[in-house]
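Participant: could you look at this predicted model? Sequence included:
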Amino acid sequence: MECKDCKFCEIEDEVYFMCRRYAPKITAGMCAMLGTQFHEDAVVNEWSDSAVWPIVFSTDWCGEFQTKGTPSPEILDKGIASLELSTRLNNALRYHKVNTVRDLAEKTDSEIKKMRHIGIVSFREIVTKLADAGLYLNYAKK
């Protein structure tokens, strides 16, 4: 049960992975670089380089491990309503012509961040709901 076998890990290179279980977090190192004070419960209000996905080694492990699986094509072809997103987020995605789970899973982080009416809370909801379905952003393009 190593990180490299977890559905939440995205390959960075052969040794390092990005854990996508939870939304990116602001780090003490980033605060030092920005010249601001670090707070454990800091919230990033704007999209910036001050929040990062946790970097893990391929042999690391945690209590959140879930085996990678190949989602069935039926999941990808379902409407985004099947993810049980909040009404506001569901409407925002439909505004941007994201109608199926596949449409959403094909988007990259930066594409989602550029969408109107989608902020950090909505982004976290997308990442969490996709992870619950065994998916992640930019999944369908790989």
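Facilitator: It's in. What you are looking at is a predicted structure, and each value in this text was computed from that prediction instead of being measured.

Participant: pull the number of nearby residues for Asp109.
Facilitator: By other Cβ atoms under 10 Å, the residues close to Asp109 number 17. From N, CA and C alone the C-beta is placed, and that goes for glycine too.

Participant: residues contacting it?
Facilitator: Phe123, Leu137, Asn138 (Cβ atoms under 8 Å, 6 or more residues apart in numbering).

Participant: can you pull the contacts of the second one?
Facilitator: For Leu137, the residues meeting the contact criterion (Cβ under 8 Å, 6+ apart) are Leu104, Ala105, Lys107, Thr108, Asp109, Ile112, Ile126, Val127, Leu130.

Participant: Phe57 versus that one, what's the distance?
Facilitator: Distance of Leu137 to Phe57, computed by Cβ to Cβ, to the nearest Å: 22 Å.

Participant: this structure: helices as residue ranges?
Facilitator: Using DSSP state H, the helices of the chain run over residues 28-34, 73-77, 87-95, 101-105, 109-114, 120-132.
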